[in-house]
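A.B. asks: Fold the following.
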Amino acid sequence: MTMRLKLTWPEAFTRKRASKDMAAGLTTTLVTIPDGLASAVLAGLNPVHGLYALMVATPVAALSMSSQLMYVANTGAIAVATGGALAGYAGEALIVLTFLVGAIQLTLGLFKFGAITRFVSNAVMIGFMSGIMLRIILGQLGEFSGYGSVGDNPVLQAWDLLHNLGQVHVPTLVIGLGTVALIAAVEHTAARNFAMIIAIVTASAVVIVPGFDGVRTVADLAAIPSGLPAPQLPQWSLVIDLMPAATAIALIGLLQAAGVSRSVPNPDGSYPNVSRDFAGQGLANIAASFFRGMPAGGTMSETAVHVSAGATSRWAALYSGLMILGFVLLAGPLIEAIAKPAIAALLIIAAVQAIKFGEIADVWHTGLSARLVMVVTFVATLALPVEQSVALGVVLSVVVHLYSSSLDVLVLEMVPTTEGDYEEHDAPAQLASGKVTVLNLYGSLFFAGADRLEELLPDAREAQRAVVIVRLRGRNNLGSTICNVLERYAQRLARNGGKLMLSGVSDTLYRQIKPTGLFRLVGAENVIPADRRPAAAMRSAVAAAQSWLDGQASDDRPGRTGAE
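C.D. replies: Numbering: from 1, shown residues only. You can find the predicted model right below:
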């Protein structure tokens, strides 16, 4: 089933709303511009590609997403992944990569695959994001210190710097440290939302002071064009080569945005539709690709600034995109004068602030499996290309889910009380002869838990004329593996003159099991439909089972025991 995507015209324009949204848009613009520049630098691109993404992707996403307040911009994780994906490719590859990221996100959104984010565990996400942030910190130490580190990855580059501290460029290091100090100082004032822009402007102005010769600026990297480039179509021959990396980047963006969707409600208090947010981001990246923008996604940091600055509707993000466009048109030469160590300082501070030490501690104390998954993902993110670490994280999430599901099975016996009610007790290890035993099944009844379920079912090999009623109330799916487990159990009961009954079977589950061997073996008369009253189907099954046992009685019939 697909979802219809539609562009949403912003909420009705009012003077009061306009003033709030314009102020919020300006605040977010001033915070996002240096971040956009830094993200492009982090990806090894001309900084203007980060701004192109903001000018196009931000307003398109605002029009098409379900979330009215999420801010779509460049993120550190996406930037790192983009840089890895484009290594060794020419400039045209960026267009293809961004287009593919958008196409994948749009497809997932249109087919309502928002639930895909549930298959990546919190331990994987914390390990991955912590590793990405550390990669950013280590990867920027060279620009921060003015030493051209060598090495295949940020860890080796940092190690090389540590062994060559005598070659640090002192003026560059002073600019970097000064930027950090200024950001820290301004963040404790009323101007904290503008701390990054103030620090970058100040640090870049210092570069012209005598004695700071040799400090690199954006102009040393590339010239900043004064406006958007002409639209350009992707080079389709690169699609197959870039598809794996694009898939990883799309997943990173969707996971980050899903966290925002679930944390930031719309102004009316409702929470956004995650699948539509997927589609909106995809449409935004497709549009940005034609104008050479790098991939963008929902970001918690800019969204937090956006909301705290007073954004009330989609208008705020639209205003922000227009303001960024105006800034590039009017201030291209000023962007070229920004000091590279100041950008490195901004990235380092942003990365440190993004490491969630509290959540790391929570995962660490959750258990050994979660701890192991987090550590493995963290190490892999540092050592492997980002797309490989993302794939490993997804595989780990699935493996952990299956392992947990295999243990998350519980079988309890429903034992009648003298008051005519029932109590739950541990299921017996051995099944009693000539008795009706009612079992409740809890946990995941899918293939991963099949072996565990078979272990927990009472041993029926010695029981004569025993009836087991398995309650399936509330379940709409068993899966073929679980059906096979129950089929084998029914056969064991039948060999000794007993039988298996299923109670509380919903219409959906009935249609699923009717064509199976389990249904034929049990028999339609022993499949008791669900009832609106929670215990009604069970009581009907117990009465029918006891009546059947009475009919099977012989001269040596056992006393009536069990649930009556």
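A.B. asks: Can you check the pLDDT for the residue found closest to residue 451 once you drop the neighbours it is linked to in the chain?
C.D. replies: The spatial neighbour of residue 451 that comes closest, neighbours along the chain excluded (CB to CB, 6 or more residues apart in numbering), is residue 406 at 6.8 Å. Using the backbone N, CA and C atoms, a C-beta is placed for each residue, glycine as well. Among the per-residue scores, residue 406 shows a pLDDT of 72.
A.B. asks: how near is residue 406 to residue 449?
C.D. replies: 5 Å (CB to CB, to the nearest Å).
A.B. asks: neighbour count winner among those two?
C.D. replies: Higher neighbour count among residue 406 and residue 449: residue 449, with 25 against 18, using other CB atoms under 10 Å.
A.B. asks: Distance of the more buried one relative to residue 479?
C.D. replies: Distance from residue 449 to residue 479, by CB to CB: 9 Å.
A.B. asks: Name the helix or strand for the residue nearest to residue 451, please.
C.D. replies: For residue 406, the element it lies in under DSSP states H and E is helix 386-407.
A.B. asks: mind listing what's buried in that helix?
C.D. replies: Using 16 or more other CB atoms under 10 Å as the test for burial, helix 386-407 gives 386-394, 396-397, 400-401, 404-406.
A.B. asks: Can you spell out which helices and strands pack onto that helix?
C.D. replies: Packed against helix 386-407 by the contact rule (3 or more CB pairs under 8 Å, 6 or more residues apart in numbering; DSSP states H and E) you find helix 76-86, helix 122-139, helix 239-263, helix 368-383, helix 450-456.
A.B. asks: Highest mean neighbour count out of those?
C.D. replies: Most buried of the helices and strands packed on helix 386-407 by mean neighbour count (mean count of other CB atoms under 10 Å) is helix 76-86; its value is a mean of 25.
A.B. asks: list the helices and strands that one packs on?
C.D. replies: Packed against helix 76-86 by the contact rule (3+ CB pairs under 8 Å, 6+ apart) you find helix 15-42, helix 92-110, helix 122-139, helix 239-263, helix 340-354, helix 386-407.
A.B. asks: returning to that earlier point: what angle do helix 239-263 and the helix holding residue 406 make with each other?
C.D. replies: 60 degrees (axes from the mean of the first three to the mean of the last three CA atoms, to 10 degrees).
A.B. asks: which element follows helix 386-407 toward the C-terminus?
C.D. replies: Immediately after helix 386-407, counting by DSSP H and E, sits strand 409-416.
A.B. asks: What pairs with that following strand, parallel or antiparallel?
C.D. replies: Here strand 409-416 has these sheet partners by DSSP bridges: strand 422-426 (antiparallel), strand 435-443 (antiparallel).
A.B. asks: Ramachandran coordinates for residue 471?
C.D. replies: When read as degrees, to the nearest 10, the backbone of residue 471 gives phi -80, psi 130.
A.B. asks: Tell me who's in contact with it.
C.D. replies: Residues in contact with residue 471 (CB atoms under 8 Å, 6 or more residues apart in numbering) are 414, 438, 439, 440, 441, 503, 504, 537, 538.
A.B. asks: what stretches of this structure score poorly on pLDDT?
C.D. replies: Across the chain, the ranges flagged by pLDDT under 70 are 1-16, 114-119, 151, 193, 221-223, 226-227, 308-309, 332, 387, 553-564.
A.B. asks: just wondering, since we're on the residue nearest to the spatial centre of it, how far is it from residue 306?
C.D. replies: Nearest to the geometric centre of the chain sits residue 255, at 2.8 Å (CA atoms, centre = their mean). With the distance defined as CB to CB, residue 255 ends up 20 Å from residue 306.
A.B. asks: For burial, what's the neighbour tally of the residue lying closest to residue 86 once chain neighbours are set aside?
C.D. replies: Leaving aside its chain neighbours, residue 86 sits nearest to residue 93 (5.5 Å; criterion: CB to CB, 6+ apart). Residues lying near residue 93 (other CB under 10 Å) number 19.
A.B. asks: can I assume residue 93 is in contact with residue 237?
C.D. replies: No. In this structure, residue 93 is not within contact of residue 237 by CB atoms under 8 Å, at 10.4 Å.
A.B. asks: Out of the helices and strands packed on helix 386-407, which is closest to residue 203?
C.D. replies: helix 122-139 (18.4 Å; CB to CB).
A.B. asks: which helices and strands does the helix or strand just after the closest one pack with?
C.D. replies: Following helix 122-139 in sequence order, the next helix or strand is helix 141-145 (DSSP H and E). Helices and strands touching helix 141-145, as assessed by 3+ CB pairs under 8 Å, 6+ apart, comprise helix 154-162, helix 170-186, helix 340-354.
A.B. asks: List the buried residues of the shortest one.
C.D. replies: What that stands for is helix 154-162. 154, 157, 158, 160, 161.
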